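Structural data only, the sequence is not supplied:
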């Protein structure tokens, strides 16, 4: 498979596996986003006269066919492809001929992967916010049904004052609404287009970065081309920090439910279908999902630290170290969404 950087020699297979095996698997998540970025880039190249009308149409048709193939899982990325950018561009060359090679004018894989991750983050953050709001609604519904249901309030793990189930449930709803504010702030930081920064030092032709940003739905262009590269990992870490705040609240919610559903407390009863059992103790009903939410909060904190650790101390400009921030970033978005879904399921059953 032809690499975009190919210089007439074959890369050592062990080096190729070490550099690209994990990355090529992760990039399967970014196919649509890479195509969207390419559609905007080709439109811009046509606008400034680099592509003819017929070349633009051929590339647009080929890119749209990738979206159709991706929807049916027929467009895949292999180790030989190295990354989604190479796979897409090689497909364009195969389908659209010489026009496929012209698409790489005025861009680098460095700004391509950034635009992919920014678009992926925007999409995923909308999904996180929707699931967070669903859990808030579920908590507030529980609170409204039990406004006057008495429940002990605790300090120092000891009974302290009379409280209510409604007050307890609503406290988590309000906490999550604060978390949504942090999520929105991270969204704003992410919502700037890196496309056109190329390898981190711009390009010597008069491209229209604002046009690309507008087509892709970004609120603004990220101006300084060096900072575009330097912000990789920084913006991902800011997003994961917001996700960590959500998980901290979910961990407290999970711990409370685990404690309050024990025989000793007996405040809540969780349906059997949400619990697992024991292979040796037939009476056991284990609320394992809440234990895993509690544990995955620690996973989230570790993912945040992993991203911060990778980017700490790097010099200005692109470094391959940045590639290692992709997995913890994507995993963090998965963890928080799965945790929100399972907490909503459990709370709705209380």
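Arrived safely. All figures in this text were calculated on a predicted structure; none of them were measured in a lab.

wait, residue 249 sits on residue 176?
Yes - between residue 249 and residue 176 a contact is recorded at 6.0 Å, counting by C-beta atoms under 8 Å. For the C-beta atoms, the positions are set from N, CA and C on the backbone; glycine is no exception.

what ranges do the strands span in the stretch 201-350 of the chain?
220-221 (DSSP state E, counting those that start in this stretch).

Which residue ranges of it form helices?
209-216, 225-230, 234-260, 288-311, 326-348 (DSSP state H, counting those that start in this stretch).

Any idea which of these gets closest to residue 192?
helix 209-216 (7.8 Å; C-beta to C-beta).

And that closest one, what's buried?
209, 211, 212, 213, 214, 215, 216 (16 or more other C-beta atoms under 10 Å).

What is the nearest of those residues to residue 200?
residue 209 (14.0 Å).

In contact with residue 297, which residues?
244, 247, 248, 250, 251 (C-beta atoms under 8 Å, 6 or more residues apart in numbering).

Tabulate those in a markdown table, adding columns for neighbour count, pLDDT and distance to residue 202.
Output for the contacts of residue 297, formatted as a markdown table (neighbours: other C-beta atoms under 10 Å; pLDDT from 0 to 100; distance: C-beta to C-beta, whole Å):
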| residue | neighbour count | pLDDT | distance to residue 202 |
| --- | --- | --- | --- |
| 244 | 22 | 98 | 34 |
| 247 | 27 | 98 | 38 |
| 248 | 15 | 98 | 40 |
| 250 | 27 | 98 | 43 |
| 251 | 20 | 98 | 44 |
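
so which of the residues you listed comes closest to residue 27?
residue 244 (25.1 Å).

ok, now which ones touch that closest one?
297, 300, 301, 304.

Count residues in the vicinity of the third one, would you?
Residues lying near residue 301 (other C-beta atoms under 10 Å) number 17.

For it, which residues are in contact?
Each residue near residue 301 by C-beta under 8 Å, 6+ apart is listed here: 244, 247.

One more pass at 7 Å, please.
Listed by C-beta atoms under 7 Å, 6 or more residues apart in numbering, the contact set of residue 301 reads residue 244.

separation between it and residue 330?
17 Å (C-beta to C-beta, to the nearest Å).

And the last one, by the same measure?
Computed as C-beta to C-beta, the residue 304 to residue 330 distance reads 13 Å.

of these two, who's got more company?
A direct count of neighbours by other C-beta under 10 Å for residue 304 and residue 330 places residue 304 higher, at 23 against 19.

So for the more buried one, what's the nearest residue that isn't a sequence neighbour?
Nearest in space to residue 304, with sequence neighbours left out and distances taken as C-beta to C-beta, 6 or more residues apart in numbering, is residue 240 at 4.5 Å.
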